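Chemist: sequence first, predicted model second:
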Amino acid sequence: MSVFSSFGSVLHSRRAKWSLAWLASCLFLTLTASFLANDLPLYAHVHGFSYFPALNPFQTLAAESDGSNPEKLTGQIDWKNKEGFTVWPLVTYSPASLDLQNTGYVSPGGQQHFKNANGSIVPMPVRYRHWLGTTQTGNDVLSGLIHGTRISLCIGILSMLIAGVIGLVTGMVSGYSGDKGLRVRSGVLILLLAGIIPAYFYAFYVRGEILIQALQNSIFLFLFQALVSCLLFFMILLLFYGLGRALSKIRLFSRYIHVPLDLLLSRITEVFAALPRLVLIITLSALARPSLINLVLIFGLTGWTDIARIVRAEMLKIRKSDYLQVAIGQGLPPRRIIFVHALPNIIQPVLVSILFGVSGVILAESALSFLGIGVPFDTVTWGSLIAAGRENFHAWWLVVFPGLAIFFTIWSLHVLADELRVIS
Amino acid sequence: MARYLLKRIVYFIFTLFLISLVSFAVTVCAPGDPVDRLLSSAVAGQEMSSQAAAVETQRVQLRHQLGLDLPLFYISLQSAAEPDTLHRIFPLADRNTLKALTKRCGNWEKVSDYYLGILNFQRTLALHYIRNASGEASRKQKLNDLAVLGMGLRSTPDEAVAGRSLRQITEWINTDSSLQFLSAQVAGMQRAFAGMTKEPLSMNYYCPALRFHGENQYHRWLFGSSGSGKGVLRGDFGLSYISRQPVGSYILDRLPWTVCLAFISVLLAYAISIPLAARMAKKPGGSLDHRVSAFLYLLYSMPGFWLATLLLMVFANPEVLPVFPASGVKPVAGYPPDASFFQNAWISLPYLVLPTVCYSYAFIAVLTRLLRVSLQQVSGQDYIRTARAKGLDEKTVRLKHALPNALLPAVTLFAEVFPLAIGGSVIIESIFTIPGMGSGIYQSIQSQDYPVLVCVFTLTGLMTMVGYLLTDITYAFLDPRIRYS
């Protein structure tokens, strides 16, 4: 309940309202980018038939499907000159679509051209204008901005979700159990440690061929196979755990040992924090094939240390509090203590950290795509638009608009994070 | 104190070890064969010629010299059916085929018999081809087809496919009397193949074997050896793929400009931030405090590469305000020959203004905010009230009592300056074409020059760790509470 009330009080500040509005519209753009900027109409009524080309680009036109017409595929149809009733998205271009009449940096206010049904060049109708100009190859900048919002936000949010989960789990475990919280019988410990070797062998070494083939095939197949391997790994460990339980019946192996979980996890977090993150990301993105999923994974797997540290510190603080001591004293199960009593009080600082993390990832992603590292070269992002503007300083619209978009997004995230932090 | 120091240093060494593991993993995972990258005379296709044989020997030598035919790490986990000498087999495609074959039949000796049979077949074929280089075209074609089938055998782990190729080869040899010289080899191959497939013991494969290797690639990478170089611990990161120059000296050549820029920027940032924060904290909540805070907030949210592009667009654009040169660090013609160091510095100054601004603005924003917060915290402390109560004037209280204590958090920031500066230099130096480390990293990425990247990564990790260590030690000296917690 503290989280929701704090959200309410965040909204009292004026700049927080602005930043929330900006982020909400960015999120809206992310969700609806394909329907806001597309070179296919949303709805078309041609020759008495209805079409939804933006939803289904491979639909063929019924009246022209006799095979004689070269415009058979919807993708090749010149919808802008089609007779009939069409409903267009707000921006009538996709980021990748090339407008051959407006190549070579056409400015937002400049003269734009349009090729009509007769093939003659006429001034651009207002409906099809490039509101923020074009690039050298004739890509629409506004469309690139809208779709770039989707890429930046998706990478930022997805990677910080990964980081948030890893950070929360590590921080909670090390903060809650401490160095004395987890104790196991020595037999269980010995067999679990020994079990890692066969578990790794059967789950990953024997299945190595399958994993590599899946990786060459597609990333989703690989993730599936990796999941299978992980399950196998834990099942073998479970088997060894059972054996360990049996072994602990013997008096020699029945002594309790404290596992210093906090110490171990803190050291691991420290090592990850010490890795030079930006240089690591640059190196890894140079190694890996440029793809958005790779970027999400790289950012997610390196960005969890701050969250883990914050969660651990908060958890230590909460553990000492009276109400948690009472909860523990009542003999509540750890699951209930963690989820019902501890987690709601940790969410807020974690959220602050995640907001800062998202802004960091968006900044790093745009810088990387500005340099042309890590992002596929044909993907239009905020950073790649600015990089295109760097080649020609006349084209100020290529630098100013995407830059402002990055700037406002980062600023909004910082403002929100700061307001949340002050309240907590 | 000594105990705390010892603890920190043990952790430091442990973290360094882990960073070295990550760097080594990056080296191993880098796509492409280092031998191919280092040997300029790459052979196109699978031509059978004496020249190809010579190149192959060269490759084997270089591979041995680089230690690439050693196992990767001190311990390895393999299947018990596999021999512990599998790492000597090159190319990697062959190794994978052999692994897959061992997985199917479970008997390494028979697999290796089969593999040696194929190699023997190929060798005889190639020798024959070189000796009779002036044969007629159709016969040459036949030999080439045989060679292709041989390569196919080497690369397929599928028994059905291999069996079919073997039958094809036998048929050709039986029908063509001029190919009789191969019959012994082919018969050997057939026998080995039959032996391998007859009674598969594939259960053998599912028994794990943990093996220890005293001499391995990691050890050699770290400590070096007499043949292959001095090792990373003594600063030898191998040769750059592009410039063929030792990576260490490549980086050292480029370091001065980066260090110079980072140093100037950090100094500038401290010189601006400390007085600014002190002035802001004088009247908390005053109009100056508010305005500067809001401005710093904007500055903090500014992407560096955008600011750099905007600055270039305005101040280095001949059509707007051509105040500063757009790129480089010195005139294209170079410095005048008889100029002194200070004259050179004066000439370079206009080139450095814009990059310095881009380096330092974010740091100024962070540092000022940090100092401002910590000054406010400090000014609520008892000893400040005591100082005021003693009748000290406001200036002495703020500058002598509050500020030094407020500077403590700024010490922590120092550890993070260098990795950030190197990461940032990639962007800023490639925008302003400064011949420093950052643009070197950028070029290495473009040309996939992995030794340079690994070296930069390792060095940055080392610097971060040293930074953390120094910060912790300084902090422990300055703030006794840390030592006892």
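Modeler: Sure thing, it's come through. Numbering: from 1, shown residues only, chains lettered A, B, ... in the order given.

Chemist: residue 308 sits in which helix or strand?
Modeler: Went with chain A since none was named. helix A:305-320 (DSSP states H and E).

Chemist: you answered for a different chain; I wanted chain B.
Modeler: Residue B:308 belongs to helix B:304-315 when elements are defined using DSSP H and E.

Chemist: for the residue of the stretch 51-200 of chain B at minimum distance from chain A, name its beta-bridge partners.
Modeler: Among the residues of the stretch 51-200 of chain B, residue B:77 lies closest to chain A, at 5.8 Å counting by Cβ to the nearest Cβ. (Each C-beta comes from the backbone N, C-alpha and C, glycine too.) Here residue B:77 sits in beta bridges with residue B:210, as judged by DSSP bridges.

Chemist: check contacts around it.
Modeler: A:197, A:200, A:201, A:205, B:208, B:209, B:210, B:211 (Cβ atoms under 8 Å, 6 or more residues apart in numbering or on different chains).

Chemist: nearest spatial neighbour of the closest residue to chain B within the stretch 151-300 of chain A, skipping sequence neighbours?
Modeler: Using Cβ to the nearest Cβ, the single residue of the stretch 151-300 of chain A nearest to chain B is residue A:278, 2.9 Å away. Among residues not flanking residue A:278 along the chain, residue B:423 sits closest, at 2.9 Å (Cβ to Cβ, 6 or more residues apart in numbering or on different chains).

Chemist: so does whichever helix in chain A runs longest get close to chain B?
Modeler: Scanning chain A for the helix with the most residues, using DSSP state H, yields helix A:141-177. No: applying Cβ under 8 Å from any Cβ of the partner chain, one finds helix A:141-177 out of contact with chain B, separated by at least 11.3 Å.

Chemist: next, the buried residues of the very next helix or strand once past that helix.
Modeler: Beyond helix A:141-177 on the C-terminal side, the first helix or strand identified by DSSP H and E is strand A:182-185. For strand A:182-185, burial by neighbour count (16 or more other Cβ atoms under 10 Å in any protein chain shown) applies to A:184, A:185.

Chemist: list the helices and strands strand A:182-185 packs on?
Modeler: Counting contacts by 3 or more Cβ pairs under 8 Å, 6 or more residues apart in numbering or on different chains; DSSP states H and E, strand A:182-185 packs against strand A:256-259.

Chemist: and the strand it packs on, average pLDDT?
Modeler: For strand A:256-259, mean pLDDT rounds to 89.

Chemist: adjacent strands (with direction) for it?
Modeler: Strand A:256-259 has the following strand partners under DSSP bridges: strand A:182-185 (antiparallel).

Chemist: just give me how far the strand it pairs with sits from the chain centre.
Modeler: 38 Å (Cα atoms, centre = their mean, to the nearest Å).

Chemist: quickly check: the helix or strand just after that strand near chain B or not.
Modeler: As assigned by DSSP H and E, the chain's next helix or strand after strand A:182-185 is helix A:186-200. Yes: contact of helix A:186-200 with chain B (Cβ under 8 Å from any Cβ) involves A:197, A:198, A:200.

Chemist: any idea how far residue B:5 is from residue A:260?
Modeler: The spacing between residue A:260 and residue B:5, counted by Cβ to Cβ, to the nearest Å, is 21 Å.

Chemist: coming back round to it: which residues does the helix holding residue B:308 contact?
Modeler: Helix B:304-315 is contacted from outside by A:366-367, A:370-371, A:383, A:386, A:389-390, A:393, A:396, A:399-400, A:403, A:406-407, B:320-324, B:326, B:354-355, B:357-358, B:361-362, B:424, B:427-428, B:431-432, using Cβ under 8 Å, 6+ apart.

Chemist: tell me which entries of the residues you listed lie within strands.
Modeler: Using DSSP state E, no member of the contacts of helix B:304-315 falls within strands.

Chemist: now the buried members of these.
Modeler: Buried among the contacts of helix B:304-315 (16+ other Cβ under 10 Å): A:366-367, A:370-371, A:383, A:386, A:389-390, A:393, A:396, A:399-400, A:403, A:406-407, B:324, B:326, B:354-355, B:357-358, B:361-362, B:424, B:427-428, B:431-432.

Chemist: and the residue of the stretch 351-485 of chain B closest to chain A?
Modeler: The nearest approach of the stretch 351-485 of chain B to chain A comes at residue B:423, 2.9 Å away (Cβ to the nearest Cβ).

Chemist: number of residues surrounding that residue?
Modeler: 21 (other Cβ atoms under 10 Å in any protein chain shown).

Chemist: quick one: contacts for it?
Modeler: Counting by Cβ under 8 Å, 6+ apart, residue B:423 touches A:276, A:277, A:278, A:279, A:282.

Chemist: can I get those residues in JSON lines with neighbour count, secondary structure and pLDDT?
Modeler: JSON lines is the format used below for the contacts of residue B:423 (neighbours: other Cβ atoms under 10 Å in any protein chain shown; DSSP: H, G, I helix; E, B strand; the rest coil; pLDDT from 0 to 100):
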{"residue": "A:276", "neighbour count": "27", "secondary structure": "coil", "pLDDT": "75"}
{"residue": "A:277", "neighbour count": "22", "secondary structure": "helix", "pLDDT": "75"}
{"residue": "A:278", "neighbour count": "20", "secondary structure": "helix", "pLDDT": "78"}
{"residue": "A:279", "neighbour count": "23", "secondary structure": "helix", "pLDDT": "79"}
{"residue": "A:282", "neighbour count": "30", "secondary structure": "helix", "pLDDT": "80"}
